[in-house]
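A.B. asks: Kindly return the folded structure for what I paste below:
(chains A and B, ligands or ions: 2)
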Amino acid sequence: MASVLLDQVVKTYPGGFTAVKGVSFAVPDGGFCVLVGPSGCGKSTLLRMIAGLEAISDGAVSIGDRVVNKVEPMDRDIAMVFQNYALYPHMSVYDNMAYGLRNLKTPEPEILARVGEAAKILELNDEMLKRKPRQLSGGQRQRVAMGRAIVRKPAVFLFDEPLSNLDAKLRVQMRIEIRKLQRRLKTTSIYVTHDQLEAMTLADMLVVMNAGRVEQVGAPLELYERPASVFVAGFLGSPPMNFLDGVIEKPGLVRLSDGGELAYDHAHFGPPLGAEVKAGVRPERVTFARDGAGLPFTLELVEELGLGQLAHGRLAGADFTVALPAAHNAPSGEAQHLAIPLDAVHLFDRKTGARL
Amino acid sequence: MVENRPFGNALAHFILIAGVIVIVFPVYMAFVASTWDAATIANGKLGLVPGPHLVENYTRILFEGTGGTTRAHVATMLLNSTISAVIIAVGKIAISLISAYAIVYFRFPFRMAAFWLIFLTLMFPVEVRIYPTYKIVADLGLLDTYTGLSVPLIASATATLLFRQFFMTVPDELLEAAKIDAAGPIRFFKDVLLPLSRTNIAALFVILFIYGWNQYLWPLLITTRDDMQTIVIGIKKIVAVQDALTEWQLAMATAVLAMLPPVLVVVLMQKLFVKGLVETEK
Ligand SMILES: Nc1ncnc2c1ncn2[C@@H]1O[C@H](COP(=O)(O)OP(=O)(O)OP(=O)(O)O)[C@@H](O)[C@H]1O
Ligand SMILES: [Mg+2]
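C.D. replies: Ligands and ions are numbered 1, 2, ... in the order given. All right, here's what the predicted structure looks like:
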C-alpha cells in the first residue's frame, strides 16, 4: 500500500519532443486514479515513467515516501497491465503468473497458493492455468494479465488501456470487475484510458490531460459538473457539451451571436461586462419548449438510442444536440424552441478556455 | 483444397513424381553401385538392382579403409565431420544469438559501428581470408585439431542478422513485462528470448550443420593427418587414386554414408519446423 506523488514531472524524448510538460498530482493510498485524455496527450508516457520504463527528464515521482526516479522497475513495488497484455507466449498461464514471483525467489508452495488465489478471484480454472496464452480468448488473456499483476501483491497497480482490445460488451463487464477487484484489494491504482465513460465510471480521482499538461484533477462528478476549462467540458460526457459563442451584455445575460438571449446564473459566474465567452450546455439539461418560448432551434436529425433520443440541429449558428430521455419523443417539424435552465449554463473565456 | 479437378491433380502429381525421380535416381544408382564389386562397375555391367557385396563393401569402408591414398576408415571421417559440423553449428548459433541480443537490446558506445562491422564481415567468407586465417591457425598450433577445423568458421554475420531481425519483431512490452517481473537481462534472454527463438534456432541448426558438413577447402588445408580427415575430403581421396583402378563401389558407399547424417538432422529437425509453422507464437 502506498500513495503516489508526482511533482512537476517532465518528459522530453531523445528527439527533443516534450511529451509531458510538468505534471503534478497525488494519488492517495488505496485510491483509484484514472488518467484520461485524447490520443497522444502523454498518458502512457506518464504511466511508463511511474513504472520506471521511461526515464524521468525532470521533476520527481514518489511511491510511498520514496523518490523513485532512479529506482529500477522491479524495485518499485508496482505491477503493470499492458494494452496488449504482454503475456509470455511460450509459458503456460500458470507460469506467466508465477514468473515474477519465481524471480523474486518466492518459495514454490507460496507461489502455488498465491496463483491459486488469484485464479479463483479471476475465475480462471485449473485447466486454463495449463494452457498457453494463445489458447485463451481475449477476455481470458486480460484476466491472466491482471492475475500476473495481483499475485505480486504490489503497492501500486498500473494499467495502460487494458480493455481497449476487447469488444464493447466484454469491456463493460471487465470494467466492473476491475473496479470490484480494486475495492477488494484496496491497492493504489493508476489507470490510463482515452475512453471518457470508462474514466468516469472507474475513477475515485480523475486526471484529465491535454497536450502533456493536466487540465483538471478531481472526483469524476466534480469534473463533470464544474469543468475547469472548455477542454474538460467537451471531453467528459457523451454526447459532448454544446458550445455557443456570445458576449456578456449584463449580469446574468449572454447575447448570442445570432442575437438570441441566454440567461446564466450570475451568482456562480462573474465575468466582466462585454467579455467574449463560450457558453456550454450539456445536451441532457435541455428540453424542447412547447409553448414557443426559448431559443429558436432548427431540428435536423433525430437519432434513436433506445435509452432515449438524440436531436441534432443548429442553434445560434452552431451545432447543437439535445439528449431526450426515453418516453420524451422529439417533436416533429424543423422549427423548434429550446428551454435552457439557468443553472445548466457554464461560461468559459473564449480565448483561454478557462472557466469564468 | 476441396476442389476436385482430376486432370489438374494428375498433372501436379506427374510433375512432382518426375521431380522426385530426377533427384532420387542418381542417389539410388550410387547405392546400387556401392553393392557391387569394382569389376562389374568398371566393365559397365552395372544394372538397376543391388548386388551381393553390400555388407562386405560397407564393413570394409567403415572399419578397414581403402588401402589407397587415404588410410583412415570412414567411421573416423564420419566422426570428424560430425564433431566439426556440430561445433560449427552450435558455435555459430551461440555467438550470433549473443551478439544479436547485444545489438538489439543494449545501448552501448559504437553500437551501430559494431553492427556495421558484423555486417561487413558478410563480404569476407573463409575463401577470401583464407591465407591470414591459415597463418593464425598454424601459428597457434591448431593444425589437425577440431578447434582448427571449426572455430575459424564460426563467426557468422548471416546468423547474427537473422536473429537481429527476429528479436526486433519481439514486442517491447515483453521486455517491459519482464523488467517489472524482476527478470534481469540474463533471465530475460534465457527465459523469454531463447524459448521464443526455438524454431529459428532449429532452422539455423539444420542449415549450419549442412554448411559445416560440406566444408571442403578449409579442412583440406588444415588437416594433414589421415585420422583428422573429414568425410567430404575422404570421398575425394578415394576417387583420386594413382596407378590403380578407382574403387568406385567404395567411393559410392562412402558417398551414401556421407549423406546420412545431414538427412538425419533434417528429418529430426523437421518436426520442430512444422511445429513452429503450425503454432505461431509471439
Ligand atoms: N519513444 C518516443 N520518442 C519520441 N516521441 C514519443 C515516443 N513515445 C511517444 N512519443 C510521443 O509522445 C506523445 C505522447 O505519447 P503517449 O504514448 O504518451 O500518448 P498517449 O496519451 O498514451 O496516447 P494514446 O491514447 O494514443 O495511447 C505522442 O505525441 C508521441 O508521438
Ligand atoms: Mg497510450
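
A.B. asks: got the contact list for residue B:85?
C.D. replies: When contacts are counted by CB atoms under 8 Å, 6 or more residues apart in numbering or on different chains, residue B:85 touches B:209-210, B:212-213, B:261. Yep, even glycine has a C-beta here, placed from its N, CA and C like the rest.

A.B. asks: Quickly note the distance from the residue nearest to it when sequence neighbours are not counted to residue B:234.
C.D. replies: Take residue B:85 and drop its neighbours on the chain: the residue closest to it by CB to CB, 6 or more residues apart in numbering or on different chains is residue B:212, 3.5 Å away. For residue B:212, the distance to residue B:234 (CB to CB, to the nearest Å) stands at 15 Å.

A.B. asks: And residue A:275, by the same measure?
C.D. replies: With CB to CB as the criterion, residue A:275 and residue B:234 are 98 Å apart.

A.B. asks: Could you do residue B:164 as well?
C.D. replies: Distance of residue B:164 to residue B:234, given as CB to CB: 37 Å.

A.B. asks: Mind checking which of the two has more residues around it?
C.D. replies: Legend: neighbour count by other CB atoms under 10 Å in any protein chain shown for residue B:164 and residue B:234, higher for residue B:234 (30 against 19).

A.B. asks: surely that one meets residue B:72?
C.D. replies: Yes - look at residue B:234 against residue B:72 with CB atoms under 8 Å: they come within range, at 7.0 Å.

A.B. asks: where does the stretch 151-282 of chain B have low pLDDT?
C.D. replies: Low-confidence segments of the stretch 151-282 of chain B, defined by pLDDT under 70: B:242-243, B:273, B:275-282.

A.B. asks: can you list the residues of the stretch 51-200 of chain B near chain A?
C.D. replies: By CB under 8 Å from any CB of the partner chain, the part of the stretch 51-200 of chain B that sits against chain A consists of B:171, B:173-174, B:176-183, B:187, B:191-192, B:195-196, B:198.

A.B. asks: if you set the cut-off to 10 Å instead, what comes out?
C.D. replies: Residues of the stretch 51-200 of chain B lying near chain A by CB under 10 Å from any CB of the partner chain: B:170-184, B:187-188, B:191-192, B:194-196, B:198.

A.B. asks: Mind giving me the ChimeraX select for these, buried ones only?
C.D. replies: Of these, the buried ones can be selected in ChimeraX as follows, counting by 16 or more other CB atoms under 10 Å in any protein chain shown:
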select /B:170,173,174,175,176,177,178,179,180,181,182,183,188,191,192,196
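
A.B. asks: The closest residue to residue B:133 other than its chain neighbours in helix, strand or coil?
C.D. replies: Leaving aside its sequence neighbours, residue B:133 sits nearest to residue B:152 (CB to CB, 6+ apart; 4.9 Å). Three-state call for residue B:152 (DSSP: H, G, I helix; E, B strand; the rest coil): helix.

A.B. asks: quick one: contacts for residue A:167?
C.D. replies: Counting by CB atoms under 10 Å, 6 or more residues apart in numbering or on different chains, residue A:167 touches A:138-139.

A.B. asks: let me redo that: residue B:188
C.D. replies: By CB under 10 Å, 6+ apart, the contact set of residue B:188 is A:103, B:101, B:105, B:174-175, B:177-179, B:181, B:194.

A.B. asks: ok, of the residues you listed, which one's closest to ligand 1?
C.D. replies: residue B:175 (14.1 Å; CB to the nearest ligand atom).

A.B. asks: tell me which element the residue nearest to residue B:85 is part of?
C.D. replies: Element membership for residue B:212 (DSSP states H and E) is helix B:198-213.

A.B. asks: which element follows that helix toward the C-terminus?
C.D. replies: Remark: after helix B:198-213, the chain's next helix or strand is helix B:217-222, criterion DSSP H and E.

A.B. asks: Could you check whatever helix or strand comes next after that following helix and say which residues are buried?
C.D. replies: Counting by DSSP H and E, the next helix or strand C-terminal to helix B:217-222 is helix B:231-239. Across helix B:231-239, burial judged by 16+ other CB under 10 Å covers B:231-239.

A.B. asks: can you tell me the helix or strand for the residue nearest in space to the middle of chain A?
C.D. replies: For chain A, residue A:199 is the residue whose C-alpha lies nearest the centre (CA atoms, centre = their mean; 2.9 Å). Per DSSP H and E, residue A:199 falls inside helix A:196-202.

A.B. asks: Export only the CA atoms of the helix holding residue B:212, formatted as PDB.
C.D. replies: Provided in PDB are the C-alpha atoms of helix B:198-213 (Å, rounded to 0.1, in the frame of the first residue of the first chain):
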ATOM      1  CA  ARG B 198      13.400 -22.000 -30.700                       C
ATOM      2  CA  THR B 199      12.200 -22.600 -34.200                       C
ATOM      3  CA  ASN B 200      14.600 -20.100 -35.700                       C
ATOM      4  CA  ILE B 201      17.400 -21.900 -33.900                       C
ATOM      5  CA  ALA B 202      16.300 -25.300 -35.200                       C
ATOM      6  CA  ALA B 203      16.100 -23.900 -38.800                       C
ATOM      7  CA  LEU B 204      19.600 -22.400 -38.500                       C
ATOM      8  CA  PHE B 205      21.000 -25.500 -37.000                       C
ATOM      9  CA  VAL B 206      20.000 -27.500 -40.000                       C
ATOM     10  CA  ILE B 207      21.400 -25.000 -42.400                       C
ATOM     11  CA  LEU B 208      24.600 -24.500 -40.500                       C
ATOM     12  CA  PHE B 209      25.200 -28.200 -39.800                       C
ATOM     13  CA  ILE B 210      25.000 -28.900 -43.500                       C
ATOM     14  CA  TYR B 211      27.200 -25.900 -44.200                       C
ATOM     15  CA  GLY B 212      29.800 -27.300 -41.800                       C
ATOM     16  CA  TRP B 213      29.400 -30.800 -43.100                       C
END
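
A.B. asks: residue boundaries of the strands in the stretch 101-250 of chain A?
C.D. replies: Ranges of strands within the stretch 101-250 of chain A are A:156-160, A:188-193, A:205-210, A:213-218, A:242-250, based on DSSP state E, counting those that start in this stretch.
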